[in-house]
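S.K.: Predicted model, plus sequence, below.
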2 protein chains.
Amino acid sequence: MNKVFLLHKRPEGKPSLTDFKLIEEGMPEAEDGELLLKSLYVSVDPYLRGRMNDAKSYIPAFQLNMPMQSGIIAEVLTSDSPAFKKGDFVLGNLDWKQYQTCLPNGLQKIEADANNLTPYLGILGMTGLTAYLGLTLLGKPKNHETIVVSGAAGAVGTIVGQIGKLMGCRVVGITGTHEKVSLLQSKFKFDKAINYNAVPNLQQAIHLACHKGVDVYFDNVGGNISDAVLANINKHARIVLCGAIALYNETKPPTGPRIQPTILTKSATMQGFIISDFADKFPEATKQLALWLQEKKLTYSETIVDGFNNIPQAFINLFSGKNEGKMIVKV
Amino acid sequence: MNKVFLLHKRPEGKPSLTDFKLIEEGMPEAEDGELLLKSLYVSVDPYLRGRMNDAKSYIPAFQLNMPMQSGIIAEVLTSDSPAFKKGDFVLGNLDWKQYQTCLPNGLQKIEADANNLTPYLGILGMTGLTAYLGLTLLGKPKNHETIVVSGAAGAVGTIVGQIGKLMGCRVVGITGTHEKVSLLQSKFKFDKAINYNAVPNLQQAIHLACHKGVDVYFDNVGGNISDAVLANINKHARIVLCGAIALYNETKPPTGPRIQPTILTKSATMQGFIISDFADKFPEATKQLALWLQEKKLTYSETIVDGFNNIPQAFINLFSGKNEGKMIVKV
């Protein structure tokens, strides 16, 4: 039998296990032109929360009683396409199913050993591309500038910080535990990390950590943390909106300080970053990331959860920051 | 005797006449290298409200018991500078004084007749430059796109709308009276104007007026009006923050809906526009504005208030929208 996770109901606020439904169905059979795939690694990502709402956004909402989807690395079991053969590894936006059939379009072949696949969901996949392209194209950091990253110990944040260092910047990370602070400063070479749960005044803590002010803010979280960063931006600051995990589970439209006066008086630029807008830049960016990885100028963390049945819980854990780096489920 | 307006106390909320103090002092005498100037026309502008607060911003705060300042057109009475002679007209950021002395640096000579000076405080001055450079450099409107302008009947708004039309866009203005709606649609050729005081649901009214959504939002006001516009932006929208008159008199930091999720999911760009950042573009921009004016492709409105003593009231009236186009005091 084949296990499948459906969207059972739309979450109100923080998602819970009962929003998902595990069903079993018969093994799928590939039709003409299709591949039969076996899921190996499933990426869970904060942005999926938005797709669980019944709201028009930049990607379609998930449908009730239909399979959830995300980035998945799978093994090709059978192929009716000349582009793929049995035993190949592929990456695609696939259903949360143990086995599935699909047409070859949209699948990317991964040229790596079976024990080295997960980077293609992280640093060599959407995560790395998001960090690299968001920071360089929208953040436009210049040598010696100061970059602040929120959600710094997350999948994107850890990479943004390291790329910032490679570009000659001072990098300050904001995160939620003492352990993550240590990790950011040791493993990921951030100049400074701040535990927002442990400082009496975050705005002041950022001020102290960024003695020359904030030139680039790479925002993964939104909410109060971003308010504290914005109070410290320099003239001509660039704010890259990459995520707003602090707001995804709000049941009412969130309110907060109006930021327009700050953006205005600082001649600042705030831009929304959606990775799919930059598809033409993927090949070059992937090449750069792979080179840095090979030169050991970049490193990464993964939190790998075992078992297909645990996909929903792994996803839910993103919202309490239980992951360090990229959260992946090994099927 | 010489009349002078000082900042008497810092306003709490909306400025009032008692925040200013009119004093009389002896006639000034020009020292070596100085000019003696007689003020003719005084510009009053919303941004001056910010300088009345004791807050660090992009321009220094006014000091208590010192003269207020703004853009002023004056006549040269005596000159000890080869660059200016008696009878010349000059524009500068000058004190609210009937007569004053100053060094020639920072003064711009105006080559116009005595009866055609005021455009240099408006359409051929900072106002026109703000509209033109803010719209073209930050708003980047493309042919057939939709531009929404708030504060549309104000000095900057009326010019933004006309330039938008010259660039082949659909232009929708938001303003506060029925008379201003008519004016925008007749004299200034806006495709549509909305009276925010007369519609039950501004967001819906904007939706109806912008059937293809909003590509460029030129924001002069901030606050609830901007919330309603942002709810209608298209993917890749550009939001030019030029002013926030609705917020200048707030006594507490204003709050409202968090806008980051909208900016993010629309891949939008929001930028603060401060005209002094673009000084290198002034000559070219002024040339373009003068050409359009000469070709009668641009027109403008002025609200001219008579009498030096009325400068504070004219300024205060900006915040209740009593002006149509540029507000100027004739000394």
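M.R.: Noted; the coordinates are in hand.
S.K.: Following the chain onward from the helix or strand hosting residue A:285, which element is next?
M.R.: Per DSSP states H and E: residue A:285 is located in helix A:282-294. Scanning forward in sequence from helix A:282-294 by DSSP H and E, the next helix or strand is strand A:302-306.
S.K.: Which neighbouring elements make contact with the helix or strand following that next one?
M.R.: Sequence-wise, the next helix or strand downstream of strand A:302-306 (DSSP H and E) is helix A:311-317. The contact analysis (3 or more CB pairs under 8 Å, 6 or more residues apart in numbering or on different chains; DSSP states H and E) places helix A:311-317 against strand A:326-330. C-beta: built from backbone N, CA, C; applies to glycine.
S.K.: helices or strands next to the strand it packs on in the packing?
M.R.: With contacts taken as 3+ CB pairs under 8 Å, 6+ apart, strand A:326-330 sits against strand A:35-43, strand A:302-306, helix A:311-317.
S.K.: Give me the buried positions along the helix holding residue A:285.
M.R.: A:282, A:285-286, A:288-289, A:292-293 (16 or more other CB atoms under 10 Å in any protein chain shown).
S.K.: So which residues on the stretch 101-250 of chain A come close to chain B?
M.R.: Neighbours of chain B within the stretch 101-250 of chain A, by CB under 8 Å from any CB of the partner chain: A:219, A:222-223, A:226, A:235, A:241-244, A:247.
S.K.: Tell me the backbone dihedrals of residue A:270, please.
M.R.: phi -120, psi 130 (degrees, to the nearest 10).
S.K.: hang on, the earlier thing: who wins for proximity to residue B:146 among the helices and strands packed on strand A:326-330?
M.R.: Nearest to residue B:146 among these is strand A:35-43; the distance by CB to CB comes to 37.4 Å.
S.K.: before we move on, back to that, please narrow the residues of the stretch 101-250 of chain A next to chain B to those residing in strands.
M.R.: Using DSSP state E, the members of these that fall in strands are A:219, A:235, A:241.
S.K.: Could you give me the ChimeraX selection string for whichever of these are buried?
M.R.: In ChimeraX, this line selects whichever of those come out buried by 16+ other CB under 10 Å:
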select /A:219,241
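S.K.: Among the ones in strands among the residues of the stretch 101-250 of chain A next to chain B, find me the one that's closest to chain B.
M.R.: residue A:241 (4.2 Å; CB to the nearest CB).
S.K.: Assess the claim that the closest one and residue B:264 are in contact.
M.R.: Yes - with contact defined as CB atoms under 8 Å, residue A:241 counts as touching residue B:264 (4.2 Å).
S.K.: and stretch A:248-263, how far apart are its ends?
M.R.: 23 Å (CA to CA, to the nearest Å).
S.K.: now swap in stretch A:300-312 and tell me
M.R.: Start to finish, the residues bounding stretch A:300-312 are 23 Å apart (CA to CA).
S.K.: Mind listing residues that contact it?
M.R.: Under the criterion CB atoms under 8 Å, 6 or more residues apart in numbering or on different chains, residues A:3, A:5, A:15, A:17, A:19-20, A:22, A:39, A:42, A:44, A:68, A:96, A:98, A:118-119, A:122-123, A:153, A:158-159, A:183, A:187, A:293, A:313-314, A:322-331 lie in contact with stretch A:300-312.
S.K.: now with 7 Å?
M.R.: Residues outside stretch A:300-312 that contact it (CB atoms under 7 Å, 6 or more residues apart in numbering or on different chains): A:3, A:5, A:17, A:20, A:22, A:42, A:44, A:96, A:98, A:118-119, A:122-123, A:158-159, A:314, A:323-331.
S.K.: For PyMOL, write a command that selects the buried ones of those residues.
M.R.: The buried residues among those can be selected in PyMOL (16+ other CB under 10 Å) with this line:
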select buried, chain A and resi 3+5+20+42+44+96+98+118+119+122+123+158+159+314+323+324+325+326+327+328+329+330+331
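S.K.: Would you mind measuring from residue A:289 to residue A:224?
M.R.: Per CB to CB, to the nearest Å, residue A:289 is found 32 Å from residue A:224.
S.K.: and chain A, what are its domains?
M.R.: For chain A, the structural domains run A:2-122+A:301-330, A:126-276, going by automatic domain parsing.
S.K.: So for the last one, mean pLDDT?
M.R.: What it means is domain A:126-276. For domain A:126-276, mean pLDDT is 96.
S.K.: Check the first one too.
M.R.: Averaged across domain A:2-122+A:301-330, the pLDDT comes to 95.
S.K.: now it: how far from the chain's centre is it?
M.R.: 14 Å (CA atoms, centre = their mean, to the nearest Å).
S.K.: now do the last one
M.R.: The gap between the average C-alpha position of domain A:126-276 and the chain average comes to 14 Å, counting by CA atoms, centre = their mean.
S.K.: likewise stretch A:268-277?
M.R.: Averaged C-alpha coordinates place stretch A:268-277 at 15 Å from its chain's average position (CA atoms, centre = their mean).
S.K.: The top strand by length along chain A packs against which elements?
M.R.: Criterion DSSP E: the longest strand present in chain A is strand A:69-79. In terms of contacts (3 or more CB pairs under 7 Å, 6 or more residues apart in numbering or on different chains; DSSP states H and E), strand A:69-79 is packed against strand A:35-43, strand A:89-95.
S.K.: Strand partners (parallel or antiparallel) of the shortest one?
M.R.: Think strand A:89-95. Neighbouring strands of strand A:89-95 in its sheet, by DSSP bridges, are strand A:69-79 (antiparallel), strand A:108-110 (antiparallel).
S.K.: Residue A:27 reaches residue A:99, doesn't it?
M.R.: Yes - using CB atoms under 7 Å as the test, residue A:27 is close enough to residue A:99 to be in contact (6.1 Å).
S.K.: coming back round to it: which of the residues of the stretch 101-250 of chain A next to chain B sit farthest apart?
M.R.: Taking CB to CB, the two most distant members of these are A:235 and A:247; they sit 27.1 Å apart.
S.K.: can you pull out the helices in the stretch 51-200 of chain A?
M.R.: Counting by DSSP state H, counting those that start in this stretch, the stretch 51-200 of chain A has helices at residues A:126-133, A:155-166, A:178-186.
S.K.: Can you lay out those as CSV showing distance to residue B:82?
M.R.: Shown next, in CSV, are the helices of the stretch 51-200 of chain A (distance: least, CB to CB, whole Å):
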stretch, distance to residue B:82
helix A:126-133, 55
helix A:155-166, 52
helix A:178-186, 62
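S.K.: quick one: the residue lying closest to residue A:128 once chain neighbours are set aside from chain B, how far?
M.R.: Excluding its sequence neighbours, the residue lying closest to residue A:128 (CB to CB, 6 or more residues apart in numbering or on different chains) is residue A:289, at 4.7 Å. For residue A:289, the distance to chain B equals 22 Å [CB to the nearest CB, to the nearest Å].
S.K.: same check, this time on residue A:265
M.R.: For residue A:265, the distance to chain B equals 5 Å [CB to the nearest CB].
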